[in-house]
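Chemist: Give me a model of this one.
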Amino acid sequence: MRIWSIHPKYLDAKGLVALWRETLLAKHVLEGRTKGYRNHPQLNRFKNAIRPLDAVNLYLMEVFNESINRGYHFDDAKFYISGKPLKMAVTQGQLNYEFNHLLSKLKIRDPELYKELKRNEIIEAHPLFKIVKGDIEDWEIIRG
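Modeler: A predicted model of the protein is given here:
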């Protein structure tokens with residue numbers, strides 16, 4: 001499971017579809033609707049949010065918005081927005097780690113997008129997150 005902290009605009013088609021599905025699974029976990037993935041480290045930041053379900057729904061809304069920008073047909077009935085604003089923190093180190101992780105995937109999967117993104121000097125976070133100083137988050141599973 002990978003619920004990216006980076007903005008969904010960076011993902012290729014395969015990555016965006018996977019993000020949608022995996023975030024829906026995370027939502028089901030937070031709602032108590034599935035037994036799998038309950039202890040997955042990626043869920044810790046949502047579990048620790050002031051309003052976990054609002055956070056995951058806001059996250060899904062932004063993934064949905066990106067899908068609309070691309071002409072995809074994700075189902076907006078899969079999430080709801082309470083109307084209350086919410087921001088969660090993510091460290092700059094986490095964003096850097098994730099962006100580099102994505103680049104390593106794209107180098108093989110989509111070399112043209114890899115070349116385009118590799119030139120980025122500023123990495124934007126998913127709109128749910130505000131960037132704070134710090135290293136890779138403690139919930140991250142570091143891949144070699």
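
Chemist: Is it correct that Ala89 falls within a strand?
Modeler: Yes: with DSSP: H, G, I helix; E, B strand; the rest coil as the criterion, Ala89 is assigned to a strand.

Chemist: ok, it touching Lys130?
Modeler: Yes: look at Ala89 against Lys130 with CB atoms under 8 Å: they come within range, at 5.8 Å. (C-beta placed from N, C-alpha, C; glycine too.)

Chemist: So which of the two has more stuff around it?
Modeler: A count of neighbours by other CB atoms under 10 Å puts Ala89 above the other of Ala89 and Lys130, at 15 against 10.

Chemist: Quick one: residues contacting the nearest residue to that one once chain neighbours are set aside.
Modeler: Spatial nearest neighbour of Ala89, chain neighbours left out: Val132 (4.7 Å); criterion: CB to CB, 6 or more residues apart in numbering. With contacts defined as CB atoms under 8 Å, 6 or more residues apart in numbering, Val132 is in contact with 89-92.

Chemist: which residues of this structure fall in helices?
Modeler: For the chain, the helices defined by DSSP state H cover 13-30, 44-47, 52-69, 92-109, 111-118.

Chemist: Among these, which comes closest to Glu124?
Modeler: In terms of CB to CB, the element of the helices of the chain nearest to Glu124 is helix 92-109, at 8.4 Å.

Chemist: Any chance you could list what contacts the closest one?
Modeler: Contacts of helix 92-109 (CB under 8 Å, 6+ apart): 4-6, 10-12, 14-15, 113-114, 117-118, 120, 123, 125, 131-137, 140, 142-143.

Chemist: go with 7 Å
Modeler: 4-6, 10, 12, 14, 113-114, 117-118, 123, 125, 131, 133-137, 140 (CB atoms under 7 Å, 6 or more residues apart in numbering).
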